[in-house]
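Asker: can't give you the sequence, but here's the structure:
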Ligand SMILES: CCc1ccncc1CNCCCCSC[C@H]1O[C@@H](n2ccc3c(N)ncnc32)[C@H](O)[C@@H]1O
């Protein structure tokens, strides 16, 4: 659609969302990582010069590694790519670099490839970088086992073998070493477990077990992810190592037996001394990719690498459980279902062991007197872990952003105050009408014992309906849909003396947005409607203004929409990392190959899921108000605004990060940039960086069209 009508705004907005999805952001980071590209190039050159002259690039992406092999003089180069978009891109890139005749690119997964159907004979070299932050997440083990069986010449046997290199197969990278470390990190903790005992005046004692989608149990459960990923060096508040980095696993990609044995390797336990006091929040995992004997790439947190680490959050032990120096942490490592799984199973403290695999209330803190042989106790603790018999099944799963929202006390306290103000204001109004009924308008006669109606159409898990109901004489409607989540709300309501009939559930997924937004009943209107305005990624929710105008018609006299106003703030920054994550910067980082113009078609002008508080950047201006959205009065809204902002430092403006002050009423507001906000921020990346001197006035053209913010700048 964009190719046909480049100015068509809907296509443009959808393209951004689609482009973000089609081409993963790490492509830009990878291609801009000159060090990585050069290391791969050198390893490939050495292999080709030593005789590997038929090459297969598995997961070619833009084709860069295949082109390296060709340029190094390989006689035959093949490449395969499972993503259609990347396959087509690779074809364009190879053609643009004059190699279309000499690299055969296949749009298929390597596992489907056969000799001679897809490639005429077995190759002597496979290059690939099909790895994710957890190493195995892109299926590299399975791909290499298949490659050794079907696509590669047999490996070199022993040193004395005289067969020349070209008759033997080899893989680049040659192998990997996986490292781990136990960390304390509040930022991880608040995204993966409930950290508060009371929220918005509601006790959370009755919630039951709440879990994020990341399970650290060694039991593979399809609804859970084995790990999440974070860039430890960029987490707000940082992290605290609780153990030295330990070597978790070594794998040789040129050893088929080792590759095949990986998933049946017995579970490994290691015992780690705690080096400083702290709460066990997660295990962080990274790796070294050994391209060959000489060079390797690392994804470690201490490197200046751009890669994320795999994070295994810990959530089973009671909050406030502090590890002490002298403790020993027992960790279990397994990769049975092709995923690397690590979990902490026990702590050895002064001769007795504290099991970490049970829920706190089932804690049997054996002690030295009762437990003469802690190791025996530990072994049977681990044994029972194998069967997973002690994983409590009845828990409620929340997204990480929902868990962080639940832990956001300021957000809920603000709503509690704003709703309280509205409810008392409406009650006073009603009493006045009761004392002096307006005879000219019989409909205005209201019975003040009737409850007020409040509707919460927040996306996902939300406590706001309960907070409304807890104001007294309020009938609250919630759009929470999942059964388990509704049960949690009911349990919280009961334990906070909110009667069942003051809480109803409406389903949010009615066929159209009108479906959800209706009157509470024929003769009633809402006193308050709570809308969800900003997505976790930092963008305005789609169709927000339509929903707001619909909601306004459903309010009773004096009723209110929450929030009533959203003020968008932003500032001018110079940020190289944002450039590196959004577009390939010329030909130089990509070894002189002409790749940038092709992959940069997928550049999106707005970058999302940013942590602005830890983004490496230079501030070139003060924060400035960019835009105001009034949800209570549509007439004051506009779609364009010219904002002038003065540069306070000289530099090159590359982006305009923005965030929101969400006004619940005239005085009470929450910021999406606040310290324990569950929101991330977004940034408009400028088409062309803009040089400014101190004092220069920069004109920003801010446009909001269908919830998509676009910003252009000129001096
Ligand atoms: C230091 C490396 C690093 C460390 C941590 N995080 C990121 C990185 C950077 N590498 C990320 C690559 C990750 C994606 S893999 C690259 C491309 O290959 C494709 N594919 C994947 C498997 C596969 C297959 N069997 N057959 C054909 N194609 C295949 C994907 O469709 C993708 O386009």
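Answerer: Here it is on my side, so go on. Nothing here was measured: the structure is a model prediction, and the numbers come from that model. Residues are numbered from 1 along each chain as shown.

Asker: Wasn't residue 559 part of a helix?
Answerer: No: looking at residue 559 with DSSP: H, G, I helix; E, B strand; the rest coil, it is strand, so not inside a helix.

Asker: which one is it nearest to, not counting chain neighbours?
Answerer: residue 527 (4.9 Å; C-beta to C-beta, 6 or more residues apart in numbering). Yep, even glycine has a C-beta here, placed from its N, CA and C like the rest.

Asker: That neighbour: what's it in contact with?
Answerer: By C-beta atoms under 8 Å, 6 or more residues apart in numbering, the contact set of residue 527 is 422, 423, 426, 452, 453, 454, 474, 555, 556, 558, 559, 560.

Asker: from those residues, which ones fall inside helices?
Answerer: Among the contacts of residue 527, the members falling in helices are 422, 423, 426 (criterion: DSSP state H).

Asker: Give me the neighbour count for the first one.
Answerer: Here the number of neighbours of residue 422 (other C-beta atoms under 10 Å) works out to 23.

Asker: do the same with the second one
Answerer: Neighbouring residues of residue 423 were enumerated by other C-beta under 10 Å; the total is 19.

Asker: okay but it is in contact with residue 470, surely?
Answerer: No: between residue 423 and residue 470 there is no contact under C-beta atoms under 8 Å: 10.1 Å.

Asker: Checking residue 118 next. Helix, strand or coil?
Answerer: Residue 118 falls in the coil class when you classify it by three-state DSSP.

Asker: Any stretches of the stretch 351-500 of the chain with poor pLDDT?
Answerer: 358-393, 442-446 (pLDDT under 70).

Asker: so where does residue 504 fall, helix or strand?
Answerer: Using DSSP states H and E, residue 504 sits in strand 503-505.

Asker: Just read off the phi/psi values of the residue nearest to residue 559.
Answerer: Residue 527 has phi and psi values of phi -80, psi -30 when expressed as degrees, to the nearest 10.

Asker: Report the separation between it and residue 462.
Answerer: Per C-beta to C-beta, to the nearest Å, residue 527 is found 18 Å from residue 462.

Asker: now do residue 709
Answerer: Separation of residue 709 from residue 462 (C-beta to C-beta) stands at 24 Å.

Asker: Now do the SS call for residue 673.
Answerer: Of the three states, residue 673 takes coil under three-state DSSP.

Asker: Now do the contacts for the closest residue to residue 703 other than its chain neighbours.
Answerer: Residue nearest to residue 703 in three dimensions, not counting chain neighbours: residue 710, with 4.8 Å by C-beta to C-beta, 6+ apart. Residues near residue 710 by C-beta under 8 Å, 6+ apart: 605, 606, 684, 702, 703.

Asker: And residue 108, by the same measure?
Answerer: Listed by C-beta under 8 Å, 6+ apart, the contact partners of residue 108 are 80, 82, 118.

Asker: can you do 6 Å?
Answerer: residue 80 (C-beta atoms under 6 Å, 6 or more residues apart in numbering).

Asker: 411 is where my numbering starts, stick with that
Answerer: Got it, the first residue is 411 from now on, which makes the last one we talked about residue 518.

Asker: Residue 472 against residue 1005, yeah?
Answerer: Yes: counting by C-beta atoms under 6 Å, residue 472 touches residue 1005, with 5.2 Å between them.

Asker: Now for the two: what residues contact both?
Answerer: Taking C-beta under 6 Å, 6+ apart as the contact rule, residue 472 and residue 1005 both touch residue 503.

Asker: neighbour-wise, which of these two wins?
Answerer: residue 1005 (28 against 25).

Asker: Surely the more buried one is in contact with residue 504?
Answerer: No: using C-beta under 6 Å, residue 1005 is not in contact with residue 504, being 10.0 Å away.

Asker: What's the local residue count around residue 1048?
Answerer: 13.

Asker: Show the pLDDT at it.
Answerer: Looking at residue 1048, its pLDDT reads 86.

Asker: Among the ones in helices among the contacts of residue 937, find me the one that's closest to the ligand.
Answerer: residue 832 (47.9 Å; C-beta to the nearest ligand atom).

Asker: residues from this structure in reach of the ligand?
Answerer: 436, 440, 468-469, 471, 490-493, 496, 519-521, 539-543, 548-549, 553, 699, 707, 709, 717 (C-beta under 6 Å from any ligand atom).

Asker: Tell me which entries of those lie within helices.
Answerer: Per DSSP H, helices hold the following members of the residues of the chain next to the ligand: 436, 440, 496, 553.

Asker: Look at residue 824 and give its secondary structure.
Answerer: Residue 824 ends up helix, using three-state DSSP.

Asker: To clarify, my last question referred to residue 987.
Answerer: Per three-state DSSP, residue 987 ends up helix.

Asker: Around it, count how many other residues there are.
Answerer: 17.

Asker: Without its sequence neighbours, what residue ends up closest to it?
Answerer: Closest to residue 987 by C-beta to C-beta, 6+ apart is residue 1026, at 5.2 Å.

Asker: my guess is the one you found meets residue 988, correct?
Answerer: No: checked against C-beta under 6 Å, the pair residue 1026 and residue 988 is beyond contact range at 8.9 Å.

Asker: next one: phi and psi at residue 757?
Answerer: phi -120, psi 130.

Asker: so it touches residue 736, yeah?
Answerer: No: using C-beta under 6 Å, residue 757 and residue 736 do not qualify as a contacting pair, with a distance of 10.6 Å.

Asker: Mind checking which of the two has more residues around it?
Answerer: residue 757 (21 against 12).

Asker: quick one, what contacts the more buried one?
Answerer: Taking C-beta under 6 Å, 6+ apart, one finds 737, 739, 764 in contact with residue 757.

Asker: Would you mind naming the helix or strand containing the second one?
Answerer: Okay, so that is residue 739. Using DSSP H and E, residue 739 falls within strand 738-744.

Asker: for the last one, same thing?
Answerer: Counting by DSSP H and E, the element that carries residue 764 is strand 762-765.

Asker: Return the list of strands paired to that strand, each annotated with direction.
Answerer: Strand 762-765 sits in its sheet next to strand 751-759 (antiparallel), going by DSSP bridges.

Asker: Report the secondary structure state of residue 1070.
Answerer: Assigned by three-state DSSP, the conformation of residue 1070 is strand.

Asker: what's the burial count for the residue nearest to it when sequence neighbours are not counted?
Answerer: The spatially closest residue to residue 1070, leaving aside those adjacent along the chain, is residue 1082, at 4.6 Å (C-beta to C-beta, 6+ apart). For residue 1082, the tally of surrounding residues (other C-beta under 10 Å) stands at 24.

Asker: swap in residue 705?
Answerer: By other C-beta under 10 Å, 16 other residues sit near residue 705.
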